[in-house]
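J.: here are the coordinates; sequence isn't available:
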């Protein structure tokens with residue numbers, strides 16, 4: 001689920017790192033893009049489950065249950081990410097600091113930080 005949650009933000013991270021004139025919440029934050037993101041995560045996680053120690057052991061088995069777990073974790077990860085990001089999409093700004101200082105931004109980042117600490 002963590003991989004799927006982070007995968008959606010690779011696109012905006014590239015835009016920020018390379019200072020591109022591309023919106024923070026681009027195509028992967030749309031319905032069509034999120035379906036592609038889920039498919040990519042499933043393919044990467046399922047095909048790499050035997051070859052890396054970074055993937056939890058529960059996903060490395062050869063049975064159909066591993067695929068179902070990867071599918072479920074990918075769907076939950078991507079769509080939970082989009083659900084948490086949705087209020088931030090409504091703020092018309094390209095400046096991360098100005099978004100973070102709004103009440104919606106503060107609540108969202110406080111929730112994410114407390115979830116990280118609890119996890």
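T.: Yes, it's here. Keep in mind that what you see is a predicted model, and the values were worked out from it rather than measured.

J.: make it CA atoms for all contacts and neighbour counts henceforth
T.: Will do.

J.: low pLDDT regions in the chain?
T.: Where the chain drops to pLDDT under 70, the residues are 1, 24, 49-65, 91-97.

J.: all helices of it, in order?
T.: 2-7, 10-17, 31-47, 64-89, 96-100, 103-118 (DSSP state H).

J.: Count the neighbours of residue 119 for me.
T.: Residue 119: 6 surrounding residues under other CA atoms under 10 Å.

J.: list the contacts for it?
T.: By CA atoms under 8 Å, 6 or more residues apart in numbering, no residues touch residue 119.

J.: returning to what we had before: which one of the helices of the chain lies closest to residue 23?
T.: For residue 23, the closest of the helices of the chain is helix 10-17, at 7.2 Å, according to CA to CA.

J.: can you list contacts of the closest one?
T.: With contact meaning CA under 8 Å, 6+ apart, helix 10-17 is reached by 20-26, 28.

J.: Kindly reformat the helices of the chain as TSV and extend each row with mean neighbour count.
T.: Shown next, in TSV, are these (neighbours: other CA atoms under 10 Å):
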stretch	mean neighbour count
helix 2-7	18
helix 10-17	14
helix 31-47	17
helix 64-89	17
helix 96-100	14
helix 103-118	13
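
J.: ok, residue 27 touching residue 37?
T.: No - if you go by CA atoms under 8 Å, residue 27 and residue 37 don't touch, sitting 9.9 Å apart.

J.: separation between residue 72 and residue 78?
T.: Shown here: residue 72 relative to residue 78, a distance of 10 Å by CA to CA, to the nearest Å.

J.: Leaving out the residues flanking it, which one is nearest to the spatially most central residue of the chain?
T.: With distances taken as CA atoms, centre = their mean, residue 5 lies nearest the centre of the chain, 2.4 Å away. Leaving aside its sequence neighbours, residue 5 sits nearest to residue 77 (CA to CA, 6 or more residues apart in numbering; 4.5 Å).

J.: In contact with that neighbour: list those residues for me.
T.: Taking CA under 8 Å, 6+ apart, we find residue 77 in contact with 1-5.
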